[in-house]
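**Student:** Predicted coordinates and the sequence they were generated for:
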Amino acid sequence: AEAFYDSTPMLCLMAGGPTKWYGRGGIQEVYRYGDDEFTQLFKNITKGAFTTYRPDTALRTVMRAYKTAITGRPGPVVVYMPLDVQNTEIEVELPSRRELADWLFPHPPGPDPDAVAAAVGPRTRAVIAVDLFGQMAPIEQVVAAAGGLPVIEDAAQSIGASRVIDGRTVMAGEAAAIGTFSFFPSKNLGGYGDGGMAVTQDEALYEALMKLRTHGSRRTYYHEVVGYNSRLDALQAAVLGAKLPHLAAWSAARRANAAAYDAAFADLPEVATPHIDPANTSIYNQYTLRTPRRDALKAHLAERGIGTAVYYPLPLHLQPCFAYLGYQPGSCPESERAAGEVLSLPVFPELTGAQRDEVIEAVRSFFRS
């Protein structure tokens, strides 16, 4: 039994990969596949897409484009959500000030549109809506609350997720001014290293972003602005291109694992399973439950060799590096409460039925004790 539990990690990055389709000796074919070819695979949902060598660079480039547009205006403000990875806040460092739209629970994780509306002020220049754990934020509600300001959808955890808006199915990254994605290896569509992408429906903005991504130039050796060298590596583009046709099936397998967990934990009063908005189709980048006994449950599962993770233990507004912003415990009570209760279980598509049953039994045994 001990050996079995050791084979139930939180993430499994070795079960699937491009070697299944390229095979040994296929590395020359891999290197022929560039980021332009990969970007073309997303032309059905966007008027413009560009890839970057790191996931945070996609957001940095987007923020840089908006900063350039607001140069000279005093104290620009960006509204964002505090329960997220630090990369989001680091890129928001480009402007001079941030306001918070608190996490909303038990509704789907994401910014509370009412909190967004309250946070928007005369100096606000953009709103970042984060798709957390694999389902889209209520993007149309955030757009309405933003009052005409550009909304950036941080879709790092939601590639392939969708939402029905006004009777039409919209993919993650499609409805906002810009959507940004991560291809970190642990994502549903992950490379063999870092990578990112941004998509937009605004052709003029797309041109500006492409210019910033490539040395501030759209014409070789003629630089209109100071930009970056941020193209996606051809090897990563090839890996992602090989995996992309399998993304829908992998996401469906994650949904099946999540449905099994939902059914198994439905009668546990101390457990809140993920709430999925009826308008959303989640890809379950994470299966994240909530319980006041989170730390004890995590230890209980670890004793049995079952991997778990906490996304995220300390909200951004309480991180020491952002103490100068002046936020205190209690500033965002929903985010702070969630940070003390969330626990993510193994949900990767290659999870076997036996492994899933062991996770279920371990969780249930904890609450029986």
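**Tutor:** Cool, got the structure. Residues are numbered from 1 along each chain as shown.
**Student:** So residue 302 sits against residue 308, correct?
**Tutor:** Yes - because the distance of 7.2 Å satisfies Cβ atoms under 8 Å, residue 302 is recorded as touching residue 308. To be clear about C-beta, it is placed using only N, CA and C from the backbone, and glycine gets the same treatment.
**Student:** More neighbours: which of the two?
**Tutor:** Using other Cβ atoms under 10 Å, the more surrounded residue of residue 302 and residue 308 is residue 308, with 21 against 12.
**Student:** Tell me where the stretch 201-350 of the chain has strands.
**Tutor:** Under the criterion DSSP state E, counting those that start in this stretch, the stretch 201-350 of the chain carries strands at the ranges 280-281, 287-290, 342-345.
**Student:** Alpha carbons of the top strand by length along the chain, as PDB, please.
**Tutor:** Longest strand in the chain by number of residues (criterion: DSSP state E): strand 124-130. As requested, the backbone C-alpha atoms of strand 124-130 are provided in PDB (Å, rounded to 0.1, in the frame of the first residue of the first chain):
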ATOM      1  CA  THR A 124      -8.100  53.700 -12.900                       C
ATOM      2  CA  ARG A 125      -6.700  52.700 -16.200                       C
ATOM      3  CA  ALA A 126      -7.300  49.000 -16.400                       C
ATOM      4  CA  VAL A 127      -8.800  46.000 -14.600                       C
ATOM      5  CA  ILE A 128      -7.300  42.500 -14.400                       C
ATOM      6  CA  ALA A 129      -9.800  39.600 -14.100                       C
ATOM      7  CA  VAL A 130      -8.200  36.400 -13.000                       C
END
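**Student:** What's the mean pLDDT across it?
**Tutor:** Here the mean pLDDT over strand 124-130 is 83, rounded to a whole number.
**Student:** who does it touch, helix- and strand-wise?
**Tutor:** Secondary structure elements in contact with strand 124-130, counted by 3 or more Cβ pairs under 8 Å, 6 or more residues apart in numbering; DSSP states H and E, are helix 55-69, strand 77-80, helix 86-92, helix 139-145, strand 151-154.
**Student:** What lies in contact with the biggest helix by length in the chain?
**Tutor:** In the chain, ranked by residue count with DSSP state H as the criterion, the top helix is helix 247-265. Contacts made with helix 247-265 from outside it, assessed by Cβ atoms under 8 Å, 6 or more residues apart in numbering, are listed as 16, 134, 159-161, 188-189, 271, 273-274, 282-285, 287, 289, 345-351, 356, 359-360, 363-364.
**Student:** Got a quick ChimeraX command for the buried subset of those?
**Tutor:** Only the buried entries of the contacts of helix 247-265 go into this ChimeraX selection, using 16 or more other Cβ atoms under 10 Å:
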select :134,159,160,161,188,189,271,273,274,282,283,284,285,287,289,345,346,347,348,349,351,356,359,360,363
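**Student:** hmm, back to that, can I get the strands of the stretch 201-350 of the chain in a markdown table with mean pLDDT?
**Tutor:** A markdown table is the format used below for the strands of the stretch 201-350 of the chain (pLDDT from 0 to 100):
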| stretch | mean pLDDT |
| --- | --- |
| strand 280-281 | 96 |
| strand 287-290 | 96 |
| strand 342-345 | 97 |
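**Student:** For the ones you listed, give me TSV that also has distance to residue 316.
**Tutor:** Supplementary listing: those in TSV, determined by distance: least, Cβ to Cβ, whole Å:
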stretch	distance to residue 316
strand 280-281	24
strand 287-290	17
strand 342-345	15
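**Student:** mind checking which of those strands is nearest residue 10?
**Tutor:** Between residue 10 and these, the shortest separation by Cβ to Cβ is 7.1 Å, and it involves strand 342-345.
**Student:** Okay, buried residues for the closest one please.
**Tutor:** Going through strand 342-345 with 16+ other Cβ under 10 Å, the ones that come out buried are 342-345.
**Student:** Quickly name whichever of those residues is closest to residue 203.
**Tutor:** Nearest to residue 203 among the buried residues of strand 342-345: residue 344, at 38.2 Å, using Cβ to Cβ.
**Student:** how about the strands of the stretch 201-350 of the chain, which one is nearest residue 199?
**Tutor:** Between residue 199 and these, the shortest separation by Cβ to Cβ is 18.2 Å, and it involves strand 280-281.
**Student:** So in that sheet, which strands flank that closest one, and in what orientation?
**Tutor:** Strand partners for strand 280-281, identified by DSSP bridges, are recorded as strand 162-165 (antiparallel).
**Student:** Quick one: name whatever helix or strand follows the strand it pairs with.
**Tutor:** Beyond strand 162-165 on the C-terminal side, the first helix or strand identified by DSSP states H and E is strand 168-171.
**Student:** No further queries at this time; thank you.
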